[in-house]
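Chemist: Please work out how this folds:
(2 chains)
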Amino acid sequence: MSEPTYLELIHASIDGELDEHQRSELASHLLAHPESRALRDGLKDVCAALEGMVAVDPPPQLRAGILAALPRLTARPQPLPRAARWSAPVWRYAAAFAGALIAAAVLYEARVGHSPDATQVSGTMAGAGTRAADIVDTVRLDRGPVEGRVSLYRNAAGFGLELELVAGAPVDVLVAGADQKLRITGVGLPDSPGGPRLRVALPGVGTSGQTVGLTFVVAGREVGAATLSVPPGR
Amino acid sequence: MEDEDDGTLVRRCRDGELKAFDQLVLRYQKPVFNAAFRMLRNPEDARDVAQTVFLKVFEHLEQYDPNLKFYSWIYRITLNESINALGRLRPCEAISGNETDQSPGLEQQVENEQMSRAIEQALMRIQPDHRAVIVLRHFLHLGYQDMGDILELPEKTVKSRLYTARQLLRDVLVEDGVC
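Modeler: Residues are numbered from 1 along each chain as shown, chains lettered A, B, ... in the order given. Next up is the predicted model:
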């Protein structure tokens, strides 16, 4: 057997991985070769010293540091659920359905011949002056120090942000869009002005494809960022 | 939750349970920190590496292959991050030479603490690849198969590298008069 093979046997014996036959083969070799014995003893000492080294305790702040850094990762906007992604078409279907309903009602009223005229019916259904906002884009914030959602809406007055945030500490939202910057301070708490839900108009926003950048800040530290955009064709 | 296996905790993390991730941190912070410390021999660098390891684990949890043991995955990241850190850090000149010369005489019986220090110094004088197998085998107490999984090497290569590493370590210790 060649020298390297005996070397392997020596290492394997230190690791306790020899079978009976190999053990006896190595024993015979060591008996006849004092230099191999010295090598085996030296390696055994090194391994024993390695095994005897005491494991070091991690610094106490390690775990806290890791957990504190997680919000930076979790505050990134999550992909919207399918239902939310489909919200615009759903609203369109709902509007079409409502329109069909109105048409049917008008037709029915015209054929039956009593009750108010068509304009009166249509005016009542439209709710003049109280048109609801149309949500055009939304980001959700999950699993971070700030949770909830921020939506870009459009109503008769133009575009704006609707913030529905919940946080353990007041959140500042830095808004950048349409060559202007805006800082919305102290949102996210139940006793914030207007509660956890807040609407802020964004004059100047409205061009198709235009983006609005959002940065969420808690206690002076950025904890997340997101972008909303005006869909093409708006 | 403390008794839950790694796979269950990983699944819970993927479902967004930060407490499950905290449990993984509690379970692995010591071996991860120790592995990094033995690779770098500097507690601050080891702490930075350990922190990076856990954040990478968290960030890439979706990419974790459940066919690989979780500890194999986290230790692989630990070794890779440690080796990357070695590339960024200054060379190990502070660890060699002078300090060894000041150690007790060759004939003197080496106390446990001195032996540990001598081994730490010797470890820094062998190549990181060799140091890594020593760390896996003797500090993390892993078998050859796990070592192979972590290093992405066949078991035979792992054994051969481990044997070489031990011998190099012994040579350094002999050179320093410790063995």
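Chemist: Tell me which stretches of the chain form strands.
Modeler: In the absence of a named chain, chain A is used. Per DSSP state E, chain A carries strands over the ranges A:134-141, A:146-155, A:158-167, A:171-177, A:180-187, A:197-201, A:211-218, A:221-229.
Chemist: Nearest to chain B, out of the ones you listed?
Modeler: Each of these has some distance to chain B by C-beta to the nearest C-beta; the shortest is strand A:146-155, at 10.9 Å. (C-beta placed from N, C-alpha, C; glycine too.)
Chemist: Let me know the angle separating the closest one from strand A:158-167.
Modeler: Per axes from the mean of the first three to the mean of the last three C-alpha atoms, to 10 degrees, the angle that strand A:146-155 makes with strand A:158-167 is 170 degrees.
Chemist: follow-up on the earlier one: using a markdown table, lay out the strands of chain A together with mean pLDDT.
Modeler: Conversion of the strands of chain A to a markdown table gives the following (pLDDT from 0 to 100):
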| stretch | mean pLDDT |
| --- | --- |
| strand A:134-141 | 82 |
| strand A:146-155 | 83 |
| strand A:158-167 | 83 |
| strand A:171-177 | 83 |
| strand A:180-187 | 77 |
| strand A:197-201 | 78 |
| strand A:211-218 | 85 |
| strand A:221-229 | 82 |
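Chemist: Could you save those strands as a markdown table and add columns showing mean neighbour count and distance to A:V56?
Modeler: What follows is these, written out as a markdown table (neighbours: other C-beta atoms under 10 Å in any protein chain shown; distance: least, C-beta to C-beta, whole Å):
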| stretch | mean neighbour count | distance to A:V56 |
| --- | --- | --- |
| strand A:134-141 | 19 | 38 |
| strand A:146-155 | 20 | 36 |
| strand A:158-167 | 19 | 37 |
| strand A:171-177 | 20 | 39 |
| strand A:180-187 | 14 | 44 |
| strand A:197-201 | 15 | 49 |
| strand A:211-218 | 19 | 34 |
| strand A:221-229 | 18 | 30 |
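Chemist: now these as TSV including distance to chain B?
Modeler: Conversion of the strands of chain A to TSV gives the following (distance: least, C-beta to the nearest C-beta, whole Å):
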stretch	distance to chain B
strand A:134-141	12
strand A:146-155	11
strand A:158-167	15
strand A:171-177	19
strand A:180-187	23
strand A:197-201	23
strand A:211-218	16
strand A:221-229	14
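Chemist: out of the ones you listed, nearest to A:V46?
Modeler: Closest approach to A:V46 among the strands of chain A is made by strand A:221-229 (47.9 Å; C-beta to C-beta).
Chemist: that older thread, of the strands of chain A, which is nearest B:F58?
Modeler: strand A:221-229 (15.1 Å).
Chemist: Output the contacting helices and strands for that closest one.
Modeler: Using 3 or more C-beta pairs under 8 Å, 6 or more residues apart in numbering or on different chains; DSSP states H and E as the contact criterion, the secondary-structure elements in contact with strand A:221-229 are helix A:61-74, strand A:134-141, strand A:146-155, strand A:211-218.
Chemist: now these as CSV including distance to A:Q22?
Modeler: What follows is those, written out as CSV (distance: least, C-beta to C-beta, whole Å):
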stretch, distance to A:Q22
helix A:61-74, 44
strand A:134-141, 62
strand A:146-155, 62
strand A:211-218, 63
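Chemist: And these: which comes nearest A:G224?
Modeler: Judged by C-beta to C-beta, the one of the helices and strands packed on strand A:221-229 that comes nearest to A:G224 is strand A:211-218, at 4.4 Å.
Chemist: Walk me through the domains of chain B.
Modeler: Recorded structural domains for chain B (assignment: automatic domain parsing) are B:1-90, B:104-179.
Chemist: Tabulate these in JSON lines, adding columns for mean pLDDT and mean neighbour count.
Modeler: Formatted as JSON lines, the domains of chain B follow (pLDDT from 0 to 100; neighbours: other C-beta atoms under 10 Å in any protein chain shown):
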{"stretch": "domain B:1-90", "mean pLDDT": "92", "mean neighbour count": "18"}
{"stretch": "domain B:104-179", "mean pLDDT": "88", "mean neighbour count": "18"}
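Chemist: Need those in TSV (columns: distance to A:T138).
Modeler: TSV is the format used below for the domains of chain B (distance: least, C-beta to C-beta, whole Å):
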stretch	distance to A:T138
domain B:1-90	19
domain B:104-179	42
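Chemist: And these: which comes nearest A:A49?
Modeler: Using C-beta to C-beta, the domains of chain B put domain B:104-179 closest to A:A49, at 5.1 Å.
Chemist: Could you export the strands of chain A as a markdown table, including distance to A:L26?
Modeler: Formatted as a markdown table, these follow (distance: least, C-beta to C-beta, whole Å):
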| stretch | distance to A:L26 |
| --- | --- |
| strand A:134-141 | 64 |
| strand A:146-155 | 64 |
| strand A:158-167 | 67 |
| strand A:171-177 | 69 |
| strand A:180-187 | 74 |
| strand A:197-201 | 77 |
| strand A:211-218 | 65 |
| strand A:221-229 | 61 |
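Chemist: Those: which one's closest to B:K19?
Modeler: Across these, closest to B:K19 is strand A:146-155 (C-beta to C-beta), at 15.9 Å.
Chemist: Who are the packing partners of that closest one?
Modeler: Using 3+ C-beta pairs under 8 Å, 6+ apart as the contact criterion, the secondary-structure elements in contact with strand A:146-155 are strand A:134-141, strand A:158-167, strand A:211-218, strand A:221-229.
Chemist: Okay, angle between the first one and strand A:211-218 too, please.
Modeler: Regarding strand A:134-141 and strand A:211-218, their directions subtend 40 degrees when assessed with the same axes, to 10 degrees.
Chemist: Strand A:134-141 to strand A:221-229, inter-axis angle?
Modeler: For strand A:134-141 and strand A:221-229, the angle between their directions (the same axes, to 10 degrees) works out to 150 degrees.
Chemist: Return strand A:134-141 as CSV; C-alpha atoms alone will do.
Modeler: What follows is the C-alpha trace of strand A:134-141 in CSV, where atoms were taken according to Å, rounded to 0.1, in the frame of the first residue of the first chain:
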residue,chain,number,x,y,z
ASP,A,134,-61.6,56.1,-9.3
ILE,A,135,-58.5,54.2,-7.9
VAL,A,136,-56.0,54.0,-10.8
ASP,A,137,-53.0,52.4,-9.0
THR,A,138,-52.3,50.9,-5.6
VAL,A,139,-49.4,49.6,-3.6
ARG,A,140,-49.6,47.5,-0.6
LEU,A,141,-47.2,47.5,2.3
